[in-house]
Every structure is written in structure tokens, then in C-alpha cells.
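K.L.:
Compute the structure for the input listed below.
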Amino acid sequence: MNTEVRPKADDQPSARRAARLAAVQALYQLEISGEKPDAAVLGEFPGRFAVETLDGGENPSFDRDFFDDIVKGVVERKGEIDQLIAGALARDLTVERLELLLRVILRAGTFEILTRIDVPARVALAEHVGISHAFFAERETGLVNGVLDKLARSLRAGEMQVDAKPR
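P.N.:
Next comes the predicted model:
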């Protein structure tokens, strides 16, 4: 059974964008297989997916360290990340009820907002919304945007404040 996650067509990603996309694919694969993110499993990635752009063109750049950090970090902190996501979901939703791919996108985005202070929260949010848009319709993309925005405003409140302009 082929469980490779392939997104819809989009533009050429940056090295970190390619790493984010591959991380989502790896996390999805790890969830399905139940494997751990050891060197052998991570060595399979980025594979064909990460070196190709979403439209099938070649993307020679890939941030391997960024990819490894996201995948290993999400797996190591999955319980904490899921609690954060659960707190940002509407009352009628649970993390477990979310479609698997949606769940791993939210986990990767949450991890990045939580731990990668070298990446502006707004960038992490926009990148993961973009990833969700590559796979899902507006409803799911809106959910990713809403959850990650809520988490970014909580976890990085100072960074997310909007400066009020005097009128």
C-alpha cells in the first residue's frame, strides 16, 4: 500500500519549506507505521518528495537539520504538543478526531512555534497554513490558521502583538 502524501501543485519551496513538507510526510509515515524516527527511518527522507517542488520540478536545496529537528521534536514532545493543540481547538473537536494529515501539520506547526524562536511566529504560521492549503480545502486550512494563530498569540504574545497606529 502506497502511503506517500503528495500535495497539489504549488510554487518552488525554499530549503526550509522543503524541509517542512518532508517533515509532514515523515510524521505522517511514522504515525501509520508506528516506527521511531531513528537514523534509518529519517535517512529515507527527504527522498524524492523533498527534492521535488510541489509541481514536480527539481528543488536542490533542503535544510536537513531543520527537517530532523521538526520530526524528532514532534515525536519527543507529542503529548505536550497535543495538549496545546487541544486547548486551541473548538470544544466539539479533539486532537484524536482530526484527520491524520491535518493532525501532523498542526503538530509540526505547533512544534515550530513552541521551540524554533529563530523562525518568526508569523512565518511558521504562514508556512504551515500553506502546507495545509496544498493538501486541503479552505475549511481545514482555516482550522490550521485558527489553531496556530491562537497558539502563536499565547506562546509568543509579545511577538504577535499588533502595533496600534494612531488615527
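
K.L.:
Could you name the helices and strands sitting against the strand or helix carrying Q25?
P.N.:
Using DSSP states H and E, Q25 maps to helix 15-33. When contacts are defined as 3 or more CB pairs under 8 Å, 6 or more residues apart in numbering; DSSP states H and E, helix 15-33 packs onto helix 39-43, helix 47-51, helix 64-76, helix 100-115, helix 121-135. Placement of C-beta: from N, CA and C, glycine included.

K.L.:
Now the weakest link among those, please, by mean pLDDT.
P.N.:
Note on those: helix 47-51 shows the lowest mean pLDDT, a mean of 50.

K.L.:
confidence score at the nearest residue to R103 once chain neighbours are set aside?
P.N.:
Spatial nearest neighbour of R103, chain neighbours left out: V95 (6.3 Å); criterion: CB to CB, 6 or more residues apart in numbering. We have a pLDDT of 94 for V95.

K.L.:
Enumerate every residue touching the residue lying closest to E99 once chain neighbours are set aside.
P.N.:
Residue nearest to E99 in three dimensions, not counting chain neighbours: E140, with 7.6 Å by CB to CB, 6+ apart. Taking CB atoms under 8 Å, 6 or more residues apart in numbering, we find E140 in contact with 99, 102, 132.
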